[in-house]
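Trainee: 3D model of this:
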Amino acid sequence: MTYPRVRKAVFPVAGLGTRFLPATKAMAKEMLTVLDRPLIQHAVDEAARAGIEQFIFVNGRGKHAIDDHFDLAFELDRTLELRGKTVELGRSRDMVPAPGNVISVRQQQPLGLGHAVWCARRAVGGEPFAVFLPDDLVLGDDPCIGQLIRLHERTGGNVVAVQDVPREHAGRYGVIDAGEDDGRAVEVRGLVEKPEPAVSPSTLAIIGRYVLLPEIFERLEERRPTAAGEIQLTDAMARMIDHAPFHGLRFTGTRFDCGTKLGFLQANLAYGLRDPDVGADLAVFAGNELRDRD
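Mentor: Residues are numbered from 1 along each chain as shown. Purely as a prediction, here's the structure:
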């Protein structure tokens, strides 16, 4: 059976980024840079490498810099052209998606991840789609979302990226109740949002990559808020388990939680070490720093 191709991705980017204050007081946290590009561009680049064509940003007030980043900058480009800076000009222009492929949707109230995804329902329409949490940066040669899409193409169902975490950290994530497991793809029998570690059904935590069927919007439309008044994506996904195939995928690649200061710094170091311009010198510097501590 042939299933519709995943062509669209939703990027919930309305968060305040309070962990990075004061840096995020006047700047969207998704515009914080890992090496030479913002977190949101890393996510869009991953999506594009996996064949996704349309990029839907669910943003809030004060997030105009994200839209501007993915637009042409005529004054900048003209200045670079006049100065003969062809490499820099290429960097400025090449990352801009084709006209009409960037859509911005406003989330007026901070009512949770599920609500943010629901806000994109008109732009997504009735086809399967991807969801990216830009805070989760995955370094690898094979795009993480592309791995999920391939599993979706085989099963026709929902797919989430998962990784094993220490049991004491299970309460930080949505966690799956695992069924059949072939070592990479694992059947999802249930989902629990931030369980108490001692009673967590597994240590397989969901990270910020999803491929979802459009029926998720019907579940989100039910608007069942948590005690904190938020609409959780995990709860809506759980109500789909008996209606469509549902799998978690242990992806290949290294995930960095750039929503934390440590993860953000680790990502910068990892990307810097791989960079052909600065990697060798950075490795020497890092090595010297470690020796100086001994």
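Trainee: got the buried residues for stretch 177-185?
Mentor: Under the neighbour-count criterion of 16 or more other CB atoms under 10 Å, stretch 177-185 has 177-178, 185 buried. (Glycine included, C-beta is placed from N, CA and C.)
Trainee: stretch 92-108 now?
Mentor: Along stretch 92-108, these residues count as buried under the neighbour rule (16+ other CB under 10 Å): 92, 97, 101-105, 107.
Trainee: filter these down to the ones in strands?
Mentor: The strands, defined by DSSP state E, take in 102-105 from the buried residues of stretch 92-108.
Trainee: so can I have CSV of the buried residues of stretch 177-185 showing secondary structure?
Mentor: As requested, the buried residues of stretch 177-185 are exported to CSV (DSSP: H, G, I helix; E, B strand; the rest coil):
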residue, secondary structure
Asp177, strand
Ala178, strand
Ala185, strand
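Trainee: tell me the one of these nearest Val199?
Mentor: Using CB to CB, Asp177 is the member of the buried residues of stretch 177-185 that sits closest to Val199, with 11.4 Å.
Trainee: hmm, Leu191 and that closest one touching each other?
Mentor: Yes - when contacts are counted by CB atoms under 8 Å, Asp177 is listed as touching Leu191 (7.0 Å).
Trainee: what's the burial count for the residue nearest to Ala185 when sequence neighbours are not counted?
Mentor: The spatially closest residue to Ala185, leaving aside those adjacent along the chain, is His247, at 5.1 Å (CB to CB, 6 or more residues apart in numbering). Per other CB atoms under 10 Å, the neighbour tally for His247 reads 25.
Trainee: just confirm His247 is within a strand.
Mentor: Yes - according to three-state DSSP, His247 belongs to a strand.
Trainee: how about it, what does it touch?
Mentor: Residues in contact with His247 (CB atoms under 8 Å, 6 or more residues apart in numbering) are 151, 155, 157-160, 185-188.
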